[in-house]
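>>> kindly generate the corresponding structure for this input.
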Amino acid sequence: MGVARGGRLGWAACLAVASLGACTQDAPRQAHASEASRFDVATAQRAHDAAMRDSTQWPAYGRDYSNQRWSTLTSIDTANVSTLRPAWVHHSGIPHASETNPIVVDSVMYFTTALNNVFAVDARTGKTLWQYAYPYEGHTVVDCCSTNNKGVAVYGGRVFMATVDARLIALDAGTGRPVWTVQVGDNEAGYHMTGAPTVVDGLVITGVSGGEQGCRCYVDAYDAADGHRVWRWYTIPSPAEGGWWGKWRAADDWGMSFSRDLETEHADSAKYPDAWRHGGGPMWQHPAYDPATGLLFLDTGNPAPDIDASVRPGDNLYTDCIVALDVKTGRLRWYFQEVSHDVWDYDATTPPVLVDVADGSGRVTKAVAEAGKDGFVYVLDRATGKPIRKSAPFVPFLHYMVRPDTAGIVIAPGPLGGSDWSPTAYSPQTGYLYVDGNYLPHKYWLEHMTLKEPAQWWGGTVEGQPSGTYGVFSAVDLRTGRVAWRDSLSKPIISGVLATAGGVVFTGSSDNQLVAFDARTGKKLWSWHTDAAINAPPITYAVNGTQYVAVAVTGSQTLDTPRGDELIAFALPNGAAPVGAAP
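The predicted model follows:
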């Protein structure tokens, strides 16, 4: 086992170091025209497409545009996964919680840490090739989940990262030197970003958070060459754009009541004509993209304030939604709202996944699936957004869809799900979507609050229950909506899933374990105890004939679990099985 170190600089020191190659900290800048002219979008897109077809690489957050997190590599399988051992360990020197998803392109791994550090390491050994430390300036407003970052996008020889203070940074993939930066949102007003960007045909797509700060959130596309903004789509429509009142839904498409007092809402609507200006709707996670239709699929978060819905009558569009946008223009094609007039913080936060499934008539349909905080998986027609099916619940319920009051009530799912932001994985071999879930009841209290930017504006309080909580790992059959199997873990799970053609699925846990299950049966095949909790999704890749499984081990700020600074790559002992891939 090799141990690679990032210099053990420590997070505070790393923010001040300016040693190029060890810790690049040049101030980002706007790109010069010559730099933009040298960026060839067609060549970059061809290379990106080729990397997504190459099973040995992990070139995008969800491995490819589908977000399936499915690898055709077969060297690690149900028969030998029990022999996995660490091949190398990288220490960043930054022992703070991170949610990073590593990217592997041409045997180089790129990942982030808390505080927007970026590392490029040799994917075979873990040796640091370069490090970039984002130079924060002055006061920084962070979100509910601290300084987490979910990772980078790599495209056209550049590395793109969103920052906590709402900037988008482009770095040179070979050196880590900054190429350009743009200010995406006003951090002093509460806007921030923690998600990994995606890049399509030279457009870097990212979105802001700020749903807990009463921001009106949006999704942007920037030119990868020079960073100029190409389009913006607001997750909260203005009255001129049709408004956010919606259809005044009393229940969802399957008859589940939202427990709304529609008469009072209608009567109060004139009292709050400008509520949309602070309506929330953050974009937390990575979108999916369908090259055949040119549609981008993303999900949106909670309305603001989270709990006190009396000041925001209506459905509160487009919060808690899966939406389809034209990738070239940002225009809305369709939306589907999971929870209307939400008061439970039931964001749609797991990345949408593109799949082919049979609809109610048995016709195979191109679909998009998403596991919600509300405890259900939704499967929609990709072309129209019309629902195909809603799964059985994948977590237990308590006082479900009961509205909070000033006396307080314990409800499950709580604001951490269901499934929180953890990316799901889909196996074409089984037809199952694998979901990290939680039984983590919270007590909700309603309280009328005044918005004071950029302070958090929940319109109440939530408090996790001290006992009786656990994680729920489930396989949901997208063909029927039933839960094919589930397993319980001793503590909540907020990390992410990897599915492989070797018949194995992996996830991390907050009780310091990386765990492998049989994809068909749910039998636990292997686990490895780590020095800190796992709050990030695993990936797999291959270099020189060896398949690796890699994951960040840094702990969770949200769950207040043990912290660490490691990224670990596991492999079979002595390359026991040659690299193979399913057709």
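>>> spit out the contact partners of Val355.
Val355 makes contact with Ser66, Gln68, Ala367, Val368, Ala369, Val379, Tyr426, Leu433, Leu478 under the criterion CB atoms under 8 Å, 6 or more residues apart in numbering. For the C-beta atoms, the positions are set from N, CA and C on the backbone; glycine is no exception.
>>> at 10 Å instead, please
66-68, 70, 288, 365-369, 379, 382, 426, 428, 431, 433, 478-479 (CB atoms under 10 Å, 6 or more residues apart in numbering).
>>> what does Val41 give?
Residues near Val41 by CB under 10 Å, 6+ apart: Tyr155, Gly156, Val199, Asp201, Gly202, Leu203, Asp223, Ala224, Ala225.
>>> I'd like to know how many residues surround Asp274.
Applying other CB atoms under 10 Å, we find 9 residues neighbouring Asp274.
>>> check contacts around it.
Asp274 makes contacts with Ser238, Pro239, as judged by CB under 10 Å, 6+ apart.
>>> who is Asp209 paired with across the strands?
Just so we're on the same page, residue 209 is Ser rather than Asp. Here Ser209 sits in beta bridges with His192, going by DSSP bridges.
>>> ah, wrong one, I meant Tyr541
Beta-bridge partners for Tyr541, by DSSP bridges, are Tyr548.
>>> that one contacts Arg63, correct?
Yes: when contacts are counted by CB atoms under 10 Å, Tyr541 is listed as touching Arg63 (9.3 Å).
>>> what about Glu453, which SS state?
Look at Glu453: counting by DSSP: H, G, I helix; E, B strand; the rest coil, its state is coil.
>>> what's around it, how many residues?
Residues within reach of Glu453, counting by other CB under 10 Å, total 15.
>>> wait, it touches Ala189, no?
Yes: between Glu453 and Ala189 there is a contact under CB under 10 Å: 5.3 Å.
>>> between these two, which contacts overlap?
With contacts defined as CB under 10 Å, 6+ apart, the residues adjacent to both Glu453 and Ala189 are Val141, Gly210, Gln213, Gly214, Cys215.
>>> before we move on, the earlier item: overlap in contacts of Tyr541 and Arg63?
Ser55, Gln57, Ser71, Ile103, Val104.
>>> relative to Phe473, how far out is the third one?
Read it as Ser71. Using CB to CB, to the nearest Å, one obtains 18 Å as the distance from Ser71 to Phe473.
>>> who has more neighbours out of those two?
Ranked by neighbour count (other CB under 10 Å), Ser71 and Phe473 place Ser71 first, with 28 against 23.
>>> filter the contacts of Val355 down to the buried ones, ChimeraX style.
The buried subset of the contacts of Val355, as determined by 16 or more other CB atoms under 10 Å, is captured in ChimeraX by this line:
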select :66,67,68,70,288,365,367,368,369,379,382,426,431,433,478,479
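>>> ok, Thr319 - contacts?
Thr319 neighbours (CB under 10 Å, 6+ apart): 211, 217, 235-236, 244, 246, 279-282, 300-304, 312, 337-342, 346-348.
>>> before we move on, which element is Pro86 in?
Element membership of Pro86, judged by DSSP states H and E, is strand 85-91.
>>> my read is that Val323 contacts Pro352, right?
Yes: contact criterion CB under 10 Å: Val323 and Pro352 qualify, at 9.3 Å.
>>> shared neighbours of these two, which are they?
Shared contacts of Val323 and Pro352, defined by CB under 10 Å, 6+ apart, are found at Pro287, Leu296, Phe297, Leu298, Asp299.
>>> if we can go back for a sec, can I get the contacts of Val41 in TSV including secondary structure, distance to Trp130 and neighbour count?
Formatted as TSV, the contacts of Val41 follow (DSSP: H, G, I helix; E, B strand; the rest coil; distance: CB to CB, whole Å; neighbours: other CB atoms under 10 Å):
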residue	secondary structure	distance to Trp130	neighbour count
Tyr155	strand	18	29
Gly156	coil	18	19
Val199	strand	20	24
Asp201	coil	27	16
Gly202	coil	24	19
Leu203	strand	26	21
Asp223	strand	25	18
Ala224	coil	20	28
Ala225	coil	22	23
